[in-house]
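*Asks:* based on what follows, work out the 3D shape:
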Amino acid sequence: MARRIVSGARPRCPCPSSFRLGYGTAERGCVTNPVQISAATCTFAFGNGSHGVRDSRIVPPRVARSPLRRPRAGPLPAGSRDSASEVDSESVQLPPDDGAAGEAARADDGPLATHHDTRELAAQFEDEKPGRVLSGPVGLLFTGVTVAVALLALWQVFFPLSQGSKYYLIIFLTGILPMVFLAYPSGMRLRRRATAPAGKEDEPARRGGPTPVDWLLALAALLSCLYPVLPVAFGAGGGGYDAFLDRQGLLVPLDVAMGTVLMLLLLEACRRTTGWILPAVCLLFLAYGYYGGLLPQSWAVAHAGLDFGQLIDAFYNSDSGFYGTPLDVAASYIVLFTIYGAVLDLSGAGRFFVELSAAAFRRSRTAAGRTAVASGFLLGTVSGSGAATTVSIGAVTWPILRRAGYPAERAGGMLAAAGVGAILSPPTLGAAAFIIAEYLGVSYLQVLGWATVPTILYYLGILLSVEIDARRSGVRPVVIDSGSAWRLLARFGYHFLSLIVIIVVLAMGASATRAVVIATILAAALSFLDRRHRLTPARLVEALGGGVRGVLAVSAVCAAAGIITATTTKTGLGPQAAALLIGGAQAVSSDPAVVLALTALLAAVALSLLGLAVPVTASFVIGWVIIGPALLNLGVAAPAAAMFVFYFAVLSEVSPPTALAAVAAAAVTGGRLVPTMWQTLRYALPAYLIPIAFVLTPTGLGLLGIGGVERIAVAGLICVLSVTMLAVAAGGWLPGVGPAGVPERILGAVAGLVLLWLEPVPVTVGAVLAALTVAGVLVRRGSAGRAGVPSVPKQLDHGEDRE
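*Replies:* Now for the predicted structure:
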């Protein structure tokens with residue numbers, strides 16, 4: 001059999017190191033750089049997260065085909081062509097699925113190195129700190145417990161426990177907290193034991209299994225969580241659930257001791273899953289509750305002081321502590337939606353959404369960018385994690401973006417911004433959205449309605465930036481080799497049915513929990529329409545266990561957030577902090593409109609800083625109990641105040657210097673981290689400004705779908721103009737017209753900001769400035785045409801994308 005030899009120096013693979021796989025000692029190929037390595041073959045399976053690469057030094061001709069092929073029209077980068085890497089096709093082909101077709105392809109092409117790097121990378125960034133991959137007896141124990149918790153959560157929806165919701169939360173936390181210590185390592189290296197054989201120190205940790213300390217903490221978590229419901233008396237303590245409730249406000253020393261142990265374990269669980277900052281914030285609130293009585297009484301935040309027993313009672317035996325609203329949301333809503341997402345993932349819905357996005361835009365000039373954005377939106381409808389969605393869409397669409405000529409940093413910014421939309425996109429918003437429904441006492445369907453128009457504006461801003469980049473930077477047209485969108489919808493459109501069922505069941509008056517359980521059952525049944533993704537019993541167990549594992553970190557965060565909410569409630573910190581915030585704005589001006597604007601600005605800055613330190617859910621809880629009262633006291637409607645806090649809590653995922661979604665995108669594209677963060681900020685700019693329009697005027701409520709059709713339409717159209725002007729200012733190009741100079745960009749920025757104040761005079765001024773911006777661009781285009789200067793720049797060279 002003839003063989004083809006790829007000669008020349010060993011090329012550098014642009015993928016992150018976790019994706020550089022291969023066999024033998026020969027040089028490896030990569031799907032993202034087919035011109036350098038035409039013999040590479042790569043498969044990415046959305047459902048199973050596998051990314052495999054064949055040895056590219058010596059391959060049979062039948063394998064020497066690249067999933068990505070260079071168009072003839074575009075010039076090749078200097079120095080990238082060799083004798084064996086001629087690529088003549090004009091299309092880009094999506095990597096194959098890992099179902100039966102993928103298995104057949106591997107059988108034809110020979111063995112591929114297949115790993116779960118994409119899924120592991122998504123899990124790493126979803127929880128901020130990576131967990132263990134458990135196997136053997138420990139893995140079986142972990143799977144058994146998580147599946148039991150999943151079944152309990154599903155059972156609770158239709159047959160609630162007779163003892164009440166708090167009893168269910170105690171049992172739920174009993175199953176969750178010990179698993180956190182088994183699934184997440186401590187991150188601290190244990191001291192070597194002198195008696196251990198050489199090379200055998202910390203062997204369990206090296207294997208990735210739980211250490212003896214982890215088992216001890218898991219046992220302590222089991223006992224401290226079960227203590228309130230154990231029907232065994234321990235002196236004056238214990239005695240069962242009813243006896244424990246009867247001692248509320250009068251805890252005995254054993255109750256205080258067990259509550260203290262549980263508090264410390266929750267703080268350690270948060271440290272393992274999210275880092276040390278949230279535990280530090282919780283300890284700060286604890287110190288404030290205990291030592292606040294020592295503060296000068298003239299200070300606004302001073303209080304009478306609480307002893308340690310009172311604090312533990314508030315945490316351990318009240319409805320605002322560990323078993324408060326945040327944990328109730330995690331145990332009643334979030335776990336069910338994560339199970340639903342896992343079922344959809346394993347049924348092939350994720351892959352379908354990506355292929356549908358590619359098919360819909362396959363022949364457009366901006367096919368690469370539009371595919372990435374549309375994939376983020378569709379995946380966001382079933383995922384509530386921004387970073388995980390970023391990794392999922394990036395692993396598939398980054399090769400297409402690179403082929404179109406996007407630098408790694410710009411592509412990473414686009415992917416991160418599109419991925420964060422998962423937390424903002426109905427019908428599966430982030431965890432904080434369920435907390436909004438509980439805090440305000442409204443249905444989840446109402447919260448979905450509030451989020452609809454802002455989500456459209458958010459993705460409109462990203463799409464405008466994509467179009468502007470394509471014209472301004474000369475992105476190459478890429479034809480994606482995929483099937484017809486209509487044919488895909490006809491064959492796999494049933495994946496949308498479960499999403500539609502959620503909305504329909506909610507509209508019929510059912511609870512969100514029942515709606516998502518019904519949708520989960522439907523999605524599992526529909527999976528049998530595709531033989532590659534049938535939910536067999538083994539895969540169903542995987543979905544149930546994976547859904548609960550996905551909620552481990554957020555459950556620990558929600559339980560620990562009880563320290564913050566309980567302390568704030570007991571000390572009255574919320575109204576005091578609101579008075580301080582409003583007082584700071586009133587020190588500048590006494591005009592009510594200015595005070596409101598300054599308070600909103602200060603609140604946005606405070607929430608952005610808070611989001612840099614703690615996860616989205618905790619950021620919302622803290623922001624709502626501290627900053628929410630200030631907005632409410634100034635007359636802002638409760639829905640607007642809640643969505644304002646929600647949006648700025650979510651934007652921590654794209655805010656430098658942490659920007660978790662941008663970090664995940666940089667890991668996929670291999671781009672530089674800081675430039676990727678700034679690109680993400682540019683794409684997500686409207687999301688920082690639109691929430692301010694919620695709270696400045698009553699007309700802003702139209703952006704939340706509140707009010708008549710006229711108010712909603714007027715507010716929406718004005719903000720469309722605002723988003724367009726902001727995109728022009730950030731990108732330097734007016735879509736459909738031409739490049740914008742510095743004067744036009746400044747006018748566009750001012751117009752976009754003024755239009756956010758939805759009152760007649762500011763809107764008129766903003767519209768005039770927008771008209772001047774368009775006129776300036778038209779004049780510039782006419783002048784350039786008369787001078788014979790092309791208004792469209794040359795195509796971007798891959799040389800700009802060097803690592």
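*Asks:* which residues in the protein form strands?
*Replies:* Along the chain, counting by DSSP state E, strands occupy 4-5, 42-45, 50-53, 58-59, 91-93, 233-234, 237-238, 479-481, 733-734, 738-739.
*Asks:* mean pLDDT lowest where, among those strands?
*Replies:* Among the strands of the chain, strand 58-59 carries the lowest mean pLDDT, at a mean of 28.
*Asks:* T452 and L704: what is the separation?
*Replies:* From T452 across to L704, the span is 9 Å (Cβ to Cβ, to the nearest Å). Every C-beta, even on glycine, is put in place using the N, C-alpha and C of the backbone.
*Asks:* higher neighbour count, these two?
*Replies:* Per other Cβ atoms under 10 Å, whichever of T452 and L704 has more neighbours is L704, with 23 against 16.
*Asks:* right, and the more buried one touches V695 too?
*Replies:* No. L704 lies out of contact with V695 (Cβ atoms under 8 Å); the separation is 10.6 Å.
*Asks:* which residues does G321 contact?
*Replies:* By Cβ atoms under 8 Å, 6 or more residues apart in numbering, the contact set of G321 is 314-315, 562-563, 565-566.
*Asks:* number of nearby residues for G766?
*Replies:* The number of residues packed near G766 is 23, by other Cβ under 10 Å.
*Asks:* please read the previous query as pertaining to P454.
*Replies:* Using other Cβ under 10 Å, P454 has 24 neighbouring residues.
*Asks:* surely it meets L703?
*Replies:* Yes. Contact criterion Cβ under 8 Å: P454 and L703 qualify, at 6.1 Å.
*Asks:* now the helices: where do they sit in the stretch 701-803 of the chain?
*Replies:* 709-731, 742-754, 760-786 (DSSP state H, counting those that start in this stretch).
*Asks:* give me the mean pLDDT for the longest one.
*Replies:* What that stands for is helix 760-786. Taken as a whole, helix 760-786 carries a mean pLDDT of 88.
*Asks:* if I look at L704 and V695, which residues touch both of them?
*Replies:* The contact sets of L704 and V695 overlap at A640 (Cβ under 8 Å, 6+ apart).
*Asks:* which residues are in contact with the closest residue to A331 other than its chain neighbours?
*Replies:* Residue nearest to A331 in three dimensions, not counting chain neighbours: F172, with 4.2 Å by Cβ to Cβ, 6 or more residues apart in numbering. Taking Cβ under 8 Å, 6+ apart, we find F172 in contact with 149, 152-153, 327, 331, 335, 555.
*Asks:* relative to I502, how far out is F172?
*Replies:* Taking Cβ to Cβ, one finds F172 at 23 Å from I502.
*Asks:* phi, psi of the closest residue to K166 other than its chain neighbours?
*Replies:* Excluding its sequence neighbours, the residue lying closest to K166 (Cβ to Cβ, 6+ apart) is Y323, at 5.3 Å. The phi/psi pair for Y323 (degrees, to the nearest 10) reads phi -100, psi 40.
*Asks:* so Y323 sits against C558, correct?
*Replies:* No. Between Y323 and C558 there is no contact under Cβ under 8 Å: 10.0 Å.
*Asks:* between those two, which one's more packed in?
*Replies:* Neighbour count, other Cβ under 10 Å: between Y323 and C558, C558 has more, with 29 against 25.
*Asks:* I'd like to know how far that one sits from V551.
*Replies:* The gap separating C558 from V551 is 9 Å, by Cβ to Cβ.
*Asks:* G380 too?
*Replies:* For G380, the distance to V551 equals 18 Å [Cβ to Cβ].
*Asks:* does P639 touch L440 like I think?
*Replies:* Yes. Contact criterion Cβ under 8 Å: P639 and L440 qualify, at 7.1 Å.
*Asks:* looking at the two, which is more packed in?
*Replies:* Using other Cβ under 10 Å, the more surrounded residue of P639 and L440 is P639, with 20 against 15.
*Asks:* which residues sit in contact with that one?
*Replies:* The contact partners of P639, taken as Cβ under 8 Å, 6+ apart, are 440, 442, 446, 450, 701, 704, 706.
*Asks:* do the same with A433
*Replies:* Contact partners of A433, counting by Cβ under 8 Å, 6+ apart, are 444, 447, 451, 646.
*Asks:* how does it look with 6 Å?
*Replies:* V447 (Cβ atoms under 6 Å, 6 or more residues apart in numbering).
*Asks:* by mean pLDDT, point me to the weakest helix or strand of the protein.
*Replies:* One helix or strand of the chain scores below all others by mean pLDDT, DSSP states H and E: strand 58-59, with a mean of 28.
*Asks:* in the stretch 201-350 of the chain, mark out all the helices, start to finish.
*Replies:* Remark: helices assigned in the stretch 201-350 of the chain by DSSP H, counting those that start in this stretch are 203-207, 212-226, 241-246, 253-274, 277-291, 308-316, 325-329, 335-346, 349-360.
*Asks:* most packed of these?
*Replies:* When you average the neighbours per residue for each of these (mean count of other Cβ atoms under 10 Å), helix 335-346 leads with a mean of 26.
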